[in-house]
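Colleague: Got a predicted structure here, sequence first:
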Amino acid sequence: MATACVMGLGTNFQRMVAVVSPKVSGSRVESSCSASSSSSSSSSSGGGVACGSVGMSGFVKGGGGGSFAAVSTTSALKVLAFELVRGARSQRRRMMRRRRKFVCLASSSAAETASTAVVKSFASEPEQLKGAREEIKKLLQEKYCHPILIRLGWHDAGTYDKNVAEWPRRGGANGSLRFSIELDHAANAGLVGALKLLEPVKEKFPDISYADLFQLASATAIEDAGGPKIPMRYGRRDTAGPEDCVNEGNLPDAGPPSPADHLRKVFYRMGLSDQDIVALSGAHTLGRSRPERSGWGKAVTKYTKDGPGAPGGQSWTPEWLKFDNSYFREIKAKRDEDLLVLPTDAALFEDPGFKEFAEKYAEDEAAFFKDYAESHAKLSELGSEFSPPEGIYIDAEAPAGAKPEKFVAAKYSSSPEDNTSQGLSDSMKDKIRAEYLAVGGSPDKPLQSNYFLNIILVVAALAILSYFLGYLS
């Protein structure tokens, strides 16, 4: 751009020299040399003054006889200022025409890209989530697999560590439990069966993430067993590979030396409260503990010898496929040896901080359902990266408290020293990428400054200043 400007200015410069080239008559200087006489005089070797190059001292070097003629510096600056301004304006007009054409083309292309790429960036498709839910309901009625699907969702989310900011290293509901390195953790014994149950659903509905599939199955199992409706949000992104799995040891143990302290250590690390701990423990109203998997419970009881499903194990409640508040009532009463009470279960009525909520839920099932639904939804989102950022709701509109991710400029920085940009999701970057592309930039780098245009404007300003200084002189 700068080269073109200088070349264009060269022609104007020669024209200016031709205009100010003087003929000397005695002591009077007459500016009578024109552009047309320039070519004829330059071909003549006689006494005519040829238009040549302007010297710094304000002289015009003649082509004939090697003579020099004095030129008015003010006149030269006036014409120079005029030509510089006119050249700069012409160059700016050409640049603006090219820029408008580029922006129009880029905007059109970016709009098409945004309309497709952003949608494709969503972790799951809403219609496929709905279809998968119906398949899971059929599976639940055929296999009576409510407890193991609930456990699958819990254990995928329960690795979350609020003290780790980076996704997916912070753990949580990100689908990492599908990898054998995490599936082989001792706390996940038996969950390979849950993965096998869900694999046909995933094959039929490939456009949903594993992270969403695990949480969808867990929430659907609660509801299908008679539990509360969980206000679920979907759109969780999956981890890429086994290298993203967290280390073993983040899930709770059934029989630690100090059960209450252990529960708080594990759940506080996730950012959950005493109320969340007690409410979520109430999900043990479903399911059985099998000693060959966990090391806890009886091999079979009067409540489990006939199934449904595979017989065996020890349950916490007599109707272990019905979601209600009987877990709290049975733990409090401790009246049946065929019902399981783990050390962590007993702690709910022994620890003062837990007992307040356990007593409440034993008496008020509606209060338990309400608090459980909130705690389950909270657990299901721990550590998740959502795409789109506001999530996907497949039952109705987003809850009143749900808000889309707000774009904050301070979170979006190209500075290597600023790590706050990690808080901005990839989906949000996709959404603003089209706008950046339309003006010649991208979300991965700042917009470039037009330095050449700035130089031209500075030169023009100096020329105008010189013009006025000459005019006033």
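Modeller: Received, thanks. Numbering: from 1, shown residues only.
Colleague: Please name the residues that touch the closest residue to L263 other than its chain neighbours.
Modeller: Closest residue to L263 apart from its sequence neighbours, by CB to CB, 6 or more residues apart in numbering: I277 at 5.4 Å. The C-beta positions use only the backbone N, C-alpha and C, and glycine is treated the same way. Going by CB atoms under 8 Å, 6 or more residues apart in numbering, I277 touches L263, R264, F267, F354.
Colleague: For I277, give me phi and psi.
Modeller: I277 adopts backbone torsions of phi -60, psi -50, taken as degrees, to the nearest 10.
Colleague: Show me where this structure has its strands.
Modeller: Taking DSSP state E as the test, the strands found in the chain are 23-25, 28-30, 59-61, 68-70, 288-289, 314-315.
Colleague: Which segments of this protein make up each domain?
Modeller: According to automatic domain parsing, the chain is divided into the following domains: 2-81+452-472, 126-380.
Colleague: Deepest-packed of those, please.
Modeller: domain 126-380 (a mean of 19; mean count of other CB atoms under 10 Å).
Colleague: pLDDT wise, what is P259 at?
Modeller: If you check P259, the pLDDT there is 96.
Colleague: Over to the one 5 residues further on?
Modeller: According to the model's per-residue confidence, R264 sits at a pLDDT of 98.
Colleague: got the contact list for D161?
Modeller: Neighbouring residues of D161 by CB under 8 Å, 6+ apart: R170, G171, V246, N250, R269, M270, G383.
Colleague: for the residues you listed, which one is nearest A461?
Modeller: Nearest to A461, judged by CB to CB, of the contacts of D161 is R170 at 54.1 Å.
Colleague: That closest one and T239 touch, don't they?
Modeller: No: counting by CB atoms under 8 Å, R170 sits too far from T239 to count as a contact (11.0 Å).
Colleague: Could you point out which of the domains of the chain sits nearest I392?
Modeller: Short answer: domain 126-380, nearest of the domains of the chain by CB to CB, at 4.3 Å.
Colleague: Helices along the stretch 151-300 of the chain, start to end?
Modeller: Counting by DSSP state H, counting those that start in this stretch, one finds helices in the stretch 151-300 of the chain at the ranges 180-183, 192-204, 210-224, 259-269, 274-281, 291-294.
Colleague: quick one, the longest one and helix 192-204 angle?
Modeller: Following axes from the mean of the first three to the mean of the last three CA atoms, to 10 degrees, one obtains 110 degrees for the angle between helix 210-224 and helix 192-204.
Colleague: Ok, the fourth one next?
Modeller: Orientation check (the same axes, to 10 degrees): helix 259-269 against helix 192-204 gives 20 degrees.
Colleague: Please name every helix or strand in contact with helix 259-269.
Modeller: If contacts are counted by 3 or more CB pairs under 8 Å, 6 or more residues apart in numbering; DSSP states H and E, helix 259-269 sits against helix 274-281, helix 343-350, helix 352-363.
Colleague: nearest to S218, of those helices?
Modeller: When the helices and strands packed on helix 259-269 are compared (using CB to CB), the closest one is helix 274-281, at 11.5 Å.
Colleague: Kindly export stretch 203-213 (C-alpha atoms) in CSV.
Modeller: Only the C-alpha atoms of stretch 203-213 are listed here, as CSV (Å, rounded to 0.1, in the frame of the first residue of the first chain):
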residue,chain,number,x,y,z
GLU,A,203,-25.2,-46.1,18.9
LYS,A,204,-28.8,-45.2,18.0
PHE,A,205,-28.3,-41.6,19.1
PRO,A,206,-24.7,-40.8,18.3
ASP,A,207,-25.1,-37.0,18.5
ILE,A,208,-25.3,-36.8,22.2
SER,A,209,-22.2,-36.8,24.4
TYR,A,210,-21.4,-39.6,26.9
ALA,A,211,-21.4,-37.0,29.7
ASP,A,212,-25.0,-36.1,28.8
LEU,A,213,-26.0,-39.8,28.3
